[in-house]
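Asker: Got a sequence here, can you build the structure:
(one chain, ligands or ions: 1)
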Amino acid sequence: MKIFISADIEGVSGVATNVQLTKEGEYQRFRRLYTQDVNAAIAGAFDGGATEVVVADGHGNMSNILIEELDDRAVLISGNNRVMCQLEGLDESYDGLFFVGHHGREGGDVRAVINHTLAGICVSELKVNGTVLGETQLNARVAGQFGVPALFISGDDAYVEEVKRDLPHIEAAIVKWGIDRYSAKLLPPAKAQQIIREKAKAAMGLIGTAKPKRLDGQVTFEVTFKNTAQAHMTTTIPLIEQTSPTTIRFTTADMVTGYKLFWGCVIIAMTATNGVLSAANA
Ligand SMILES: [Zn+2]
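Answerer: Residues are numbered from 1 along each chain as shown. This is a model prediction of the structure:
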């Protein structure tokens with residue numbers, strides 16, 4: 001049984017505020033906790049019968065997990081420039097998708113810790129076929145096209161509530177309780193990781209009954225950016241229609257194609273934030 005783990009850091013045990021992930025000394029602590037949460041989910045997957053686990057590091061530059069400390073039964077997809085973003089490497093051969101350390105969507109629950117949607121610098125809101133989605137819900141729909149069901153999440157309680165409204169069957173490990181975007185009530189990591197391991201093992205029991213979140217037919221994405229330049233520069237791609245100063249829309253034949261195009265628009269928008277040829281991007 002093959003499991004794909006999409007890993008992110010904001011929902012990791014012990015993370016309560018953004019400075020912990022950006023200040024150099026703090027970041028080194030929290031990437032270790034990130035690796036430990038991922039290891040707990042890998043252990044749970046193998047406890048539950050997994051035979052192969054692939055982890056994709058999906059935070060920031062996508063090179064945060066400490067490979068030298070990763071459970072040696074798993075392999076790691078690391079580094080950026082991935083066409084399939086947080087799901088690089090996923091295909092029909094997997095039996096389930098886990099989300100470790102993910103977080104609530106931008107502008108959702110006020111308690112959702114470090115809430116954002118894929119790129120906090122540019123995305124205000126993402127809608128697919130009229131439904132507002134966070135990263136987990138988006139990735140679950142992409143995996144659905146490959147016939148792979150989402151089985152497990154870990155993160156704060158507000159994130160878990162948000163995801164369960166969309167994916168009621170999912171097994172969830174709550175590792176903290178959100179107070180604000182930048183504060184939380186935390187479990188000590190050793191305790192949180194025990195819960196991750198137990199819930200990840202339980203999630204393996206959903207294989208065979210959990211349904212993939214599959215969207216049939218054409219898919220329409222609407223993306224609201226944080227500033228006009230971010231939206232405007234995505235219209236260099238012919239398919240993109242600008243529907244307001246900060247909002248764009250496009251329609252693709254299927255979800256995987258839409259996911260890649262959305263990611264392409266986000267790359268353009270991030271680059272356009274201060275001018276595409278500004279010194280910051282040279
Ligand atoms: Zn994220």
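Asker: Please report phi then psi for the closest residue to residue 39 other than its chain neighbours.
Answerer: Closest residue to residue 39 apart from its sequence neighbours, by CB to CB, 6 or more residues apart in numbering: residue 71 at 4.7 Å. Quick note: C-beta positions are derived from backbone N, CA and C, even for glycine. Backbone torsions of residue 71, given as degrees, to the nearest 10, read phi -50, psi 130.
Asker: Quick one: neighbours of residue 71, just the number.
Answerer: The local packing of residue 71 (other CB atoms under 10 Å) involves 18 other residues.
Asker: Could I get the contacting residues of it?
Answerer: Residue 71 sits next to 38, 39, 42, 43, 53 when contact means CB atoms under 8 Å, 6 or more residues apart in numbering.
Asker: Nearest the geometric middle of the chain, what residue?
Answerer: Compute the mean C-alpha point of the chain, and by CA atoms, centre = their mean the closest residue is residue 135, 4.5 Å away.
Asker: Residue 133 versus the nearest residue to it once chain neighbours are set aside, what's the distance?
Answerer: Spatial nearest neighbour of residue 135, excluding adjacent residues (CB to CB, 6+ apart): residue 118 at 5.7 Å. Distance, residue 118 to residue 133, using CB to CB, to the nearest Å: 10 Å.
Asker: Check for me that residue 147 belongs to a strand.
Answerer: No - counting by DSSP: H, G, I helix; E, B strand; the rest coil, residue 147 is not part of a strand but coil.
Asker: Run a quick neighbour tally on it.
Answerer: Neighbours of residue 147 using other CB under 10 Å come to 14.
Asker: next one: residue 47
Answerer: Neighbour tally, residue 47, other CB under 10 Å: 14.
Asker: Sticking with the residue nearest to it when sequence neighbours are not counted, tell me its helix or strand.
Answerer: What sits nearest to residue 47 in space, not counting adjacent residues and going by CB to CB, 6+ apart, is residue 201, at 4.2 Å. Assigned by DSSP states H and E, residue 201 belongs to helix 189-204.
Asker: ok, then the element right after that helix?
Answerer: Next element after helix 189-204 (DSSP H and E): strand 219-225.
Asker: What mean pLDDT does the following helix or strand past that next one get?
Answerer: Proceeding N to C from strand 219-225, the next assigned helix or strand is helix 228-233, under DSSP H and E. Helix 228-233 carries an average pLDDT of 98.
Asker: residues in contact with the residue nearest to residue 47?
Answerer: By CB under 8 Å, 6+ apart, the contact set of residue 201 is 44, 45, 47, 48.
Asker: got a pLDDT number for the third one?
Answerer: What it means is residue 47. Value for residue 47, per-residue pLDDT: 98.
Asker: For it, give its distance to residue 106.
Answerer: 34 Å.
Asker: again, but for the last one
Answerer: Residue 48 sits at a distance of 32 Å from residue 106 (criterion: CB to CB).
Asker: you'd agree residue 26 is in a strand?
Answerer: No - under three-state DSSP, residue 26 falls outside any strand and is assigned helix.
Asker: sorry, back to before: of the contacts of residue 71, which belong to helices?
Answerer: Under the assignment DSSP state H, these contribute 38, 39, 42, 43 to helices.
Asker: That's all I had, so thanks and see you.
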